[in-house]
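Engineer: Below is the sequence, then the predicted model.
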Amino acid sequence: MKLTQLISTLVLSASVFILPSSVSANGGAELQSANIDIHNQASLQRGAKYFVNYCQGCHSLKFSRYNRIALDMGLTNDQVIENLIFTRDVKGNPTKVGNLMTNALDKEAAAKWFGAPPPDLSLVGRSRSADWIYTYLNSFYADPSRPMGVNNLVFPNVGMPHVLAGLQGLATLHEAKADEHGDAHHAAAPTLSIEEPGSLTQTEYKAVTRDLTNFLVYVAEPVQLHRKTYGVWVLLFLGIFFIFAYLLKKEYWKDVH
Ligand code: HEC
């Protein structure tokens, strides 16, 4: 391999690490910190419950099986069948605990209803970030000019209705005003305020969206629950191995000088 080839290969492979790993489009709005903890099993269980109740009618998790999430969340198969399975498959058959978390939504019809088909959310925890999903669920506001009557700060002109409006209530948008110098760059960001409250307080609603975000981030890469533990063991092994390797090296080299 020529030197120039080697350098370009190195630069290319380095760029894989440098490029941002998530889509950061957020309509110019600032993201709020989701502050999730994927090791909090109770939060994951609540997130799964909210997902199957409020989201799965439209969004599938086609890379995830019910019994896999049950295992990771400390639930038995019976608990899953009773609490998490409400859908039937596309042929109308009852869903089994080993099935993928799909739904029976007709994608083409849905694309007509919403302007865009509801995407599968298996990997959204990676393609977007935790903060993005959390902010998205907290950024719906009333907009009578939109077909669903709502818009979203981080996803302008979104096709999705505000399905959690019953819990959160409906927010009103307060446009950003330019500061006294008329400098748009320093203008305050638009803000939302809830004028028609839902059944939850703001703090309770934020907790719901945090659990949902936690669940979606876990589902996007279930192995992350264990990956970091493996990492610690590998580093411990390397640390101990280093001592023996060093002693061995001293032993071999002691007569050479
Ligand atoms: C009535 C159908 C419907 C329901 C129920 C629904 N969504 Fe959506 N959702 C959509 C549609 C349609 C889109 C695509 C919007 C677009 O592209 O304009 C979408 C988009 C999204 C996106 C953005 C995906 C991306 O990366 O572009 C996320 C995240 C999301 N939904 C999360 C949720 C969550 C969480 C719930 C449950 C609380 C939920 N949705 C419930 C219809 C729905």
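Structural biologist: Looks like it arrived, so ask away.
Engineer: interface residues of the chain facing the ligand?
Structural biologist: Counting by C-beta under 6 Å from any ligand atom, the chain comes close to the ligand at 54-55, 57-59, 114-116, 118-119, 121, 124, 127-128, 133, 136, 158-161, 163-164, 212. The C-beta positions use only the backbone N, C-alpha and C, and glycine is treated the same way.
Engineer: again, 5 Å this time
Structural biologist: Proximity of the chain to the ligand, by C-beta under 5 Å from any ligand atom, involves residues Y54, C55, G57, C58, F114, A116, P118, V158, G159, M160, V163.
Engineer: quick one: which two of these are the most distant?
Structural biologist: By the measure C-beta to C-beta, Y54 and A116 form the most distant pair in the residues of the chain next to the ligand, at 18.7 Å.
Engineer: okay, the two: which has more neighbours?
Structural biologist: Using other C-beta atoms under 10 Å, the more surrounded residue of Y54 and A116 is Y54, with 16 against 12.
Engineer: my guess is that one meets V163, correct?
Structural biologist: Yes. Using C-beta atoms under 8 Å, Y54 is in contact with V163, at 5.4 Å.
Engineer: Tell me the spacing between L121 and Q56.
Structural biologist: To Q56, L121 is 9 Å away according to C-beta to C-beta, to the nearest Å.
Engineer: before we move on, the earlier item: CSV for the residues of the chain next to the ligand, including secondary structure and pLDDT?
Structural biologist: Below are those laid out as CSV (DSSP: H, G, I helix; E, B strand; the rest coil; pLDDT from 0 to 100):
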residue, secondary structure, pLDDT
Y54, helix, 96
C55, helix, 97
G57, coil, 92
C58, coil, 95
F114, helix, 94
A116, coil, 94
P118, coil, 96
V158, coil, 95
G159, coil, 95
M160, coil, 96
V163, coil, 97
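Engineer: what number of residues lie near Q224?
Structural biologist: Using other C-beta under 10 Å: Q224 sits among 13 other residues.
Engineer: repeat for A188
Structural biologist: Other residues close to A188 by other C-beta under 10 Å number 11.
Engineer: And for it, nearest residue in space, chain neighbours not counted?
Structural biologist: A176 (5.1 Å; C-beta to C-beta, 6 or more residues apart in numbering).
Engineer: Return the residues in contact with that neighbour.
Structural biologist: Going by C-beta atoms under 8 Å, 6 or more residues apart in numbering, A176 touches A187, A188, A189, P190, T191.
Engineer: Which ones among those residues map onto strands?
Structural biologist: Judged by DSSP state E, these include T191 as members of strands.
Engineer: min pLDDT across the contacts of A176, which one?
Structural biologist: Within the contacts of A176, A187 has the lowest pLDDT, namely 60.
Engineer: related to what we said a few turns ago, so which of L121 and Q56 has more stuff around it?
Structural biologist: For L121 versus Q56, the count of surrounding residues by other C-beta under 10 Å is larger for L121: 25 against 22.
Engineer: tell me the SS of the more buried one?
Structural biologist: coil (DSSP: H, G, I helix; E, B strand; the rest coil).
Engineer: Quick check: it touching L216?
Structural biologist: Yes. Using C-beta under 8 Å, L121 makes contact with L216 at a distance of 6.1 Å.
Engineer: picking up where we left off before, among the residues of the chain next to the ligand, who's most crowded?
Structural biologist: Highest count within the residues of the chain next to the ligand by other C-beta under 10 Å belongs to V158, 22 neighbours.
Engineer: ok, that one touching D143?
Structural biologist: No. V158 is beyond contact range of D143, at 9.9 Å (criterion: C-beta under 8 Å).
Engineer: Can you pull the residues that touch both of those two?
Structural biologist: Common neighbours of V158 and D143 (C-beta under 8 Å, 6+ apart) are V150, N151.
Engineer: show me where the stretch 51-200 of the chain has strands.
Structural biologist: Using DSSP state E, counting those that start in this stretch, the strands assigned to the stretch 51-200 of the chain run over residues 61-65, 100-101, 140-142, 150-152, 169-174, 191-197.
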